[in-house]
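sequence? don't have it. structure:
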């Protein structure tokens, strides 16, 4: 059985997301911070197995923004760091 580890992403604003324990081959974490039509903020996030997969989420975020009539949104990607503690 593969040894489990933790994955940590640090976003540009200092937010830290820790995932695990896992042995999934995730490499990147993505986050959408959306300002909804009513002014409230909602956060959507996930992780992917490649930077290319994470970048594809950006187009989906733009489509979601239009469909859901968000006032605005920010899309960010961070590389995941692996640790065994």
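Sure thing, it's come through. This one's a predicted model, so the numbers in the text were calculated from it and none came from an experiment.

list the buried residues for the one helix or strand residue 54 maps to?
Here residue 54, judged by DSSP states H and E, is contained in helix 51-68. Residues 54, 57, 61, 65 are the ones in helix 51-68 that count as buried (16 or more other C-beta atoms under 10 Å). From N, CA and C alone the C-beta is placed, and that goes for glycine too.

mind picking the two most distant members of those?
54 and 65 (17.3 Å; C-beta to C-beta).

list the contacts of the residue nearest to the spatial centre of the chain.
With distances taken as C-alpha atoms, centre = their mean, the chain has residue 30 as the residue nearest its mean C-alpha position (2.0 Å). With contact taken as C-beta atoms under 8 Å, 6 or more residues apart in numbering, residue 30 is in contact with 45, 46, 47, 48, 54, 57, 75, 76, 77, 78.

may I have the beta-bridge partners of the second one?
According to DSSP bridges, the partner residues bridging residue 46 are residue 30.

number of nearby residues for it?
The burial metric for residue 46, expressed as a neighbour count using other C-beta atoms under 10 Å, is 13.

list the helices and strands the helix or strand just after the helix holding residue 54 packs on?
Under the assignment DSSP H and E, the closest C-terminal helix or strand after helix 51-68 is strand 72-79. Taking 3 or more C-beta pairs under 8 Å, 6 or more residues apart in numbering; DSSP states H and E as the contact definition, the neighbouring helices and strands of strand 72-79 are strand 5-10, strand 28-35, helix 51-68.
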